[in-house]
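J.: Here is my input; please provide its structure:
(2 chains)
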Protein chains: 2
Amino acid sequence: MDLLDEPVPGVGTYEDFNTIDWVREKSKDRDRHREITSKSKESTWALVNSVCDAFSGWLLMLLIGLMSGALAGGIDISAHWMTDLKEGVCLNGFWFNHEHCCWTSNETTFQERDKCPQWKSWAELIIGATEGPFAYIMNYLMYVCWALLFSFLAVTLVRAFAPYACGSGIPEIKTILSGFIIRGYLGKWTLVIKTITLVLAVSSGLSLGKEGPLVHVACCCGNILCHLFTKYRKNEAKRREVLSAAAAVGVSVAFGAPIGGVLFSLEEVSYYFPLKTLWRSFFAALVAAFTLRSINPFGNSRLVLFYVEFHTPWHLLELIPFILLGIFGGIWGTTWLGHYPVLEVLVVTAVTAVVAFPNSYTRTSTSELISELFNDCGLLDSSKLCNYDNANVTKSSNELPDRPAGNDVYTAMWQLSLALVFKMLITVVTFGMKVPSGLFIPSMAVGAIAGRLLGIGMEQLAYYHHDWAIFRGWCSPGADCITPGLYAMVGAAACLGGVTRMTVSLVVIMFELTGGLEYIVPLMAAAMTSKWVADAIGREGIYEAHIRLNGYPFLEAKEEFSHKTLAMDVMRPRRSDLPLSVVTQDGMTVEDVETMITDTTYSGFPVVVSHESQRLVGFVLRRDLTISIDNARQRQDGIVSTSRVFFTEYTPPQPPNSPPPLKLRGIMDLSPFTVTDHTAMDIVVDIFRKLGLRQCLITHNGRLLGIITKKDILKHVAQIANRDPDSILFN
Amino acid sequence: MDLLDEPVPGVGTYEDFNTIDWVREKSKDRDRHREITSKSKESTWALVNSVCDAFSGWLLMLLIGLMSGALAGGIDISAHWMTDLKEGVCLNGFWFNHEHCCWTSNETTFQERDKCPQWKSWAELIIGATEGPFAYIMNYLMYVCWALLFSFLAVTLVRAFAPYACGSGIPEIKTILSGFIIRGYLGKWTLVIKTITLVLAVSSGLSLGKEGPLVHVACCCGNILCHLFTKYRKNEAKRREVLSAAAAVGVSVAFGAPIGGVLFSLEEVSYYFPLKTLWRSFFAALVAAFTLRSINPFGNSRLVLFYVEFHTPWHLLELIPFILLGIFGGIWGTTWLGHYPVLEVLVVTAVTAVVAFPNSYTRTSTSELISELFNDCGLLDSSKLCNYDNANVTKSSNELPDRPAGNDVYTAMWQLSLALVFKMLITVVTFGMKVPSGLFIPSMAVGAIAGRLLGIGMEQLAYYHHDWAIFRGWCSPGADCITPGLYAMVGAAACLGGVTRMTVSLVVIMFELTGGLEYIVPLMAAAMTSKWVADAIGREGIYEAHIRLNGYPFLEAKEEFSHKTLAMDVMRPRRSDLPLSVVTQDGMTVEDVETMITDTTYSGFPVVVSHESQRLVGFVLRRDLTISIDNARQRQDGIVSTSRVFFTEYTPPQPPNSPPPLKLRGIMDLSPFTVTDHTAMDIVVDIFRKLGLRQCLITHNGRLLGIITKKDILKHVAQIANRDPDSILFN
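T.: Modelled structure (predicted):
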């Protein structure tokens, strides 16, 4: 009668902006699994059920891969079309982008492909002129107007429907994966709005990338698809395994780099990453990459975004400029941390569009720019960057020797320098705006421009001064010794590394992106230098800085806790505080408990044998206690304020006329974690990280002394680092 | 006077065949680091010291990479030379191998390169004949004799100098990395003997590979180089980080696959793999791969072992044969587990040599065989496997359509079938012999032969029956639709996966080995199928089986502990046992403690306030206790059997005439791990795995109740799995 066999609804769930208890969640899942396994021996149906359960994880991965790949393809296609819409429209159908519009035209030659008659620039369409200052101004105006319209739509949609859709989302995903709950952050509205506004923001020409937000989009897909399977819907720990895999999927579709995506998830965002997840992430990442390739948004049926083929190996001496690029990347990576205030989006868009239009390197989409910068100039390339003096080149040979640069190259270098300054300034301002925005591609663009400039400089230096000691025996006349595209690639890696502090995953992503196994060493040298330089200047990466600014309770796994404090220095209550609020296992009435709950704000209370002995029995959560007492008062006969609350296994016989007792052993955690007061804090931090605890009780010689929560640890870490301990906002 | 300020030598070290305490080791390292950091602010010299300390890890990685790369190059070159020595000798110098010998000869054409006059077969040298049955028999005899000589030398050297050098070493390395101590297993003698005997064993033609042993060789290098740096020499946990990286280096040089190596170390062998190690492993693996490439043992200056270039994409329907290959691989992977007794090495060598010589596919080295099987037939290939009827092929086109097989292909198929049966039988027998032996390459060979056979079958089926429904629209006449080399590659991956149960690392290794990003999906399908099939037939991989057979205390991280037992069911003492042996913090004399040590065999004792209260104070290790008491008796004045032992902070004043007290608080662990008796065993196992514990104390309502050691857990796991709990031999 007084024993509630069925669990009280709500017990064991979490409130918003709270940290989950990994141990409890994993234990719950093991119980569920055990039950299914033991049932499976009883009937065929249960066996089928158990097999389905085992394969549901794989099915879920397949679905996430398909959905994310399809969404990424849609985003790519739409962004491409809308970016072109700023310049003109296709007469065959307004839904064709420039390239697609001219594909169907058979009249034009390869060179003239861009100027097919079906594609009309806005000036041509409205005033009928293709040349002249008036047409230029008309195109300029339309370009700015479209950009403003797109960014206005983006910012309005985000503000109205899904405020969580702004930014890249990676810092929040990192926090969620570490066990924090932010309801709605990975919900369907966020997904819909983020997908739409991402396209708008990218198309508006703002200096932002879609790569970070794609990770958020993939995680939304993962979270939503989790609802199809009870196993993942009901268990916060299991769901986080899926989200780790989804993060890998996001990077996989963003860069076409499945292995790099998995390593990114492992190195950068995940907290709990068992080996099973590694394998499943890899599967999901591959499915997504192949889905994206079948959609073929770039029209080249390649998995890699910027396919590069360099013809020359690199020379050991080139490591010096590569390391210089690494230093540049490291400095760039610390630029962010100023965190500029959010400026008016439309102003930034207008400035971006007005400044970007006249310079052809800022007008095209950033990924096209990067692609051009990575390119190794062939003889047939018509780009300005490839305008070399080919007088001394025999056409038959496959290798192109270093050549003097033509005039166009010098013009291009000026434009690139301006583009570099502009990109650097505008990216800093764009960061922090309330639209979906990633930093990967803008950072890579900055690095690629710097790298290309350095590369061309080196090349010309080697051509004109091949008798210098450093070039001797390596850059003899007629030899192809410097590849400016490689410098661009290394520069891009260095800047990306400086911002994110990725290492292995960065090198693997770049390697998958460009397909060049030969160039791992230069990439690694640059990535390593940029990480060291950035760490030396300001310790935090962009994600850590963002997490700290938001006050999320994130326990960094990479930093070593290096202070020699003991658990007793961190635990509550402090020496001057009131004693710890505890529940006794058999000495309190319902009213006592309710008073204690209203008088305090703690999330949980230790249960002890008696106040005198302070011998620990278990731990009970405030939320579970409140729910259970409310539930008992409503549903159980005779539970009143004077009813005694029992946490013991057996209830002693009650005196006659006393109200029936309330038995709450079922909601008590019988295995709370304890450490002694002499335990070094580095060990305590290690336990919290590795086991994913929310709280840990402190004992001295077998007596309960205090409690340490995750928040206490974070406050302590903040205090040691001379930061405001109250910057940690959540539990 | 009675307080020993300097630590007693020996306290805090481990005995052979014991498990380390990860928490203590990591804590020790953090203390050391803290000291260096705090000192670094005092003087410039200390600052330099601290920077050196920070970079010593990178320097160590560089050294390991260089040393392992050089050793691997040496092994490759020697094995190549000695393999050729079985067939003949070079007149220009006996130290040239066949290929090298004929390189220097300019007289011969490309086709005739193998038959240059400087290279003499044994028959030619001894009896002057190159053709005829007599010469054949002579060559045959010499081949067998050399093989016997090599294997005799190998087995004798291993038995005489380094018994630890046999086998692949990976199971032991896994165990060592999990925190076990096997002295000498990674020592200099093992390194020297393993390197020499590995060359001998490979050259003798036995069905074994050098890939697994190379991991052991690299780990030996890592362990030996650790002795150069105090940081790594003195700390067992730090040394294991280095060994994890060394394992990655081993795979990197074995396959020329640095990324795959790191993932192999992460997925397969490592236990504790922090992100810092990931990045350093990657660095070391790259250094090693580039060192090996500079040595260039294969003479093709490629990083990849079997470079493949396929011309045709695969078709979705081909997944069916790929999955069949996966099933074959899974079955092959479970074949091993019979564990055949060690047979006489010379008999096996003789049988191998006698049977292998007549069949050209078994006579060549296994890696050459695999290389040939992976090859996609071009028009100019002279191999028997590429003897197709080229009547209908236009020479101009780059793509080769499917063609009917010529007679030689059918002969080759017969020979390959025989080779398959032979390889399968002899590999099973060879496994377990007391010479260095790896399973990677033989397994890959088995899979590659099976795959190639299936591939040729499919190809001919598609050629002759292109009108069948499954081939329609895909294998029309004149289309190049089936690539037998791809089947060989997938088969190799499947068999390797079945034996080792690798997943991500397998796919990445195969991808790096062959350079084909396009073929990840077939590889993945095969690897996944083979793992599932192998797991379904017999749960254990080769390494786990080996660890279990040897009784090593290894707590598998991949398997979920699925039983619903509680800590109280596993802990000692059991209900019927004597009570737990405890030390009281102030109530025992030296004699009492010594009696307790001699009466019991436990590795450590909990320290309690008093026998009555059973309130826990700390934990003291038997080894530390023995050493400290012996030391005190020798060095401290007045310590006799009746001296009282104190673990308290303050010693109460002793009555006059009583001997001085022995203070042992310094050797007591003040923060022993405790859990309650109601903690579910799955949580306990999780704690042991994640924190790397040796033992954990069990309390009930604040009183000490018992203890669980790693061995208890392993025994419990064995008992649940219906195995003999006494199969766990070590602590």
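J.: got the contact list for the closest residue to chain B within the stretch 501-650 of chain A?
T.: Using C-beta to the nearest C-beta, the closest approach of the stretch 501-650 of chain A to chain B is made by residue A:615 at 3.1 Å. The C-beta positions use only the backbone N, C-alpha and C, and glycine is treated the same way. Residue A:615 is in contact with A:608-609, A:702-704, B:701-703, counting by C-beta atoms under 8 Å, 6 or more residues apart in numbering or on different chains.
J.: Just the residues you listed: which are in helices?
T.: Using DSSP state H, no member of the contacts of residue A:615 sits in helices.
J.: Name the nearest of those residues relative to residue A:134.
T.: Nearest to residue A:134 out of the contacts of residue A:615 is residue A:704 (C-beta to C-beta; 83.4 Å).
J.: Bridge partners for that closest one, pull those for me.
T.: Taking DSSP bridges as the rule, residue A:704 bridges to residue A:699.
J.: Show the average pLDDT along stretch A:610-627.
T.: Across stretch A:610-627, pLDDT averages out at 91.
J.: Could you work out the end-to-end span of it for me?
T.: 24 Å (C-alpha to C-alpha, to the nearest Å).
J.: How far away from the center of its chain is that stretch?
T.: On the basis of C-alpha atoms, centre = their mean, to the nearest Å, stretch A:610-627 is displaced by 39 Å from the centre of the chain it belongs to.
J.: Buried ones in it, by neighbour count?
T.: A:613-627 (16 or more other C-beta atoms under 10 Å in any protein chain shown).
J.: Just give me the closest of the contacts of residue A:615 to residue A:653.
T.: residue A:609 (19.8 Å).
J.: list the contacts for the closest one?
T.: Per C-beta under 8 Å, 6+ apart, neighbours of residue A:609: A:584-585, A:615, A:617, B:701-702.
J.: try residue A:312
T.: Listed by C-beta under 8 Å, 6+ apart, the contact partners of residue A:312 are A:399, A:480-483.
J.: Give me the phi and psi for it.
T.: phi -110, psi 140 (degrees, to the nearest 10).
J.: Also residue A:475?
T.: Main-chain torsions, residue A:475, degrees, to the nearest 10: phi -110, psi 50.
J.: was I right about it contacting residue A:481?
T.: Yes. Using C-beta atoms under 8 Å, residue A:475 is in contact with residue A:481, at 4.1 Å.
J.: CA atoms only: put stretch A:325-336 into CSV for me.
T.: Extracted C-alpha coordinates of stretch A:325-336, given in CSV (Å, rounded to 0.1, in the frame of the first residue of the first chain):
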residue,chain,number,x,y,z
LEU,A,325,53.1,31.1,-41.4
GLY,A,326,52.5,29.1,-38.3
ILE,A,327,53.5,32.1,-36.1
PHE,A,328,51.1,34.3,-38.2
GLY,A,329,48.4,31.8,-37.6
GLY,A,330,49.0,31.7,-33.9
ILE,A,331,48.8,35.5,-33.6
TRP,A,332,45.7,35.5,-35.7
GLY,A,333,44.2,32.9,-33.4
THR,A,334,44.5,35.1,-30.4
THR,A,335,43.0,38.1,-32.1
TRP,A,336,39.6,36.8,-31.5
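J.: Which of the contacts of residue A:609 sits closest to residue A:169?
T.: residue A:617 (42.5 Å).
J.: Mind checking what secondary structure the closest one has?
T.: strand (DSSP: H, G, I helix; E, B strand; the rest coil).
J.: Enumerate every residue touching it.
T.: A:585, A:607-609, A:647, A:668, A:670, B:701.
J.: among the residues you listed, which are in strands?
T.: A:607-608 (DSSP state E).
J.: Export the contacts of residue A:617 to a markdown table and append columns for distance to residue B:574.
T.: Output for these, formatted as a markdown table (distance: C-beta to C-beta, whole Å):
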| residue | distance to residue B:574 |
| --- | --- |
| A:585 | 27 |
| A:607 | 28 |
| A:608 | 28 |
| A:609 | 25 |
| A:647 | 27 |
| A:668 | 27 |
| A:670 | 21 |
| B:701 | 20 |
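J.: Out of the contacts of residue A:617, grab the one that's most surrounded.
T.: residue A:607 (26 neighbours; other C-beta atoms under 10 Å in any protein chain shown).
J.: ok, that one touching residue A:647?
T.: Yes. The criterion here is C-beta under 8 Å, and residue A:607 meets it with residue A:647 at 5.0 Å.
J.: Overlap in contacts, these two.
T.: A:583, A:585, A:617-618, A:620, A:668.
J.: Can you report how many residues lie near residue A:327?
T.: 17.
J.: dump the residue contacts of it.
T.: When the contact criterion is C-beta under 8 Å, 6+ apart, the partners of residue A:327 are A:529-530, A:533.
J.: Can you give me the pLDDT of the residue of chain A most remote from its centre?
T.: Computed with C-alpha atoms, centre = their mean, the maximum C-alpha offset from the centroid of chain A is found at residue A:656, amounting to 62.5 Å. According to the prediction, residue A:656 has pLDDT 83.
J.: per-residue pLDDT, the spatially closest residue to residue A:188 that is not a sequence neighbour?
T.: Leaving aside its chain neighbours, residue A:188 sits nearest to residue A:224 (5.7 Å; criterion: C-beta to C-beta, 6 or more residues apart in numbering or on different chains). In this model, residue A:224 is scored at 96, pLDDT.
J.: Correct me if wrong: residue A:224 contacts residue A:191.
T.: Yes. The pair residue A:224 / residue A:191 is scored as a contact, 6.6 Å apart, by C-beta under 8 Å.
J.: okay but residue A:687 is in contact with residue A:674, surely?
T.: No. Using C-beta under 8 Å, residue A:687 makes no contact with residue A:674, being 10.6 Å away.
J.: Need the overlap of contacts for those two.
T.: Contacts common to residue A:687 and residue A:674, judged by C-beta under 8 Å, 6+ apart, are residue A:696.
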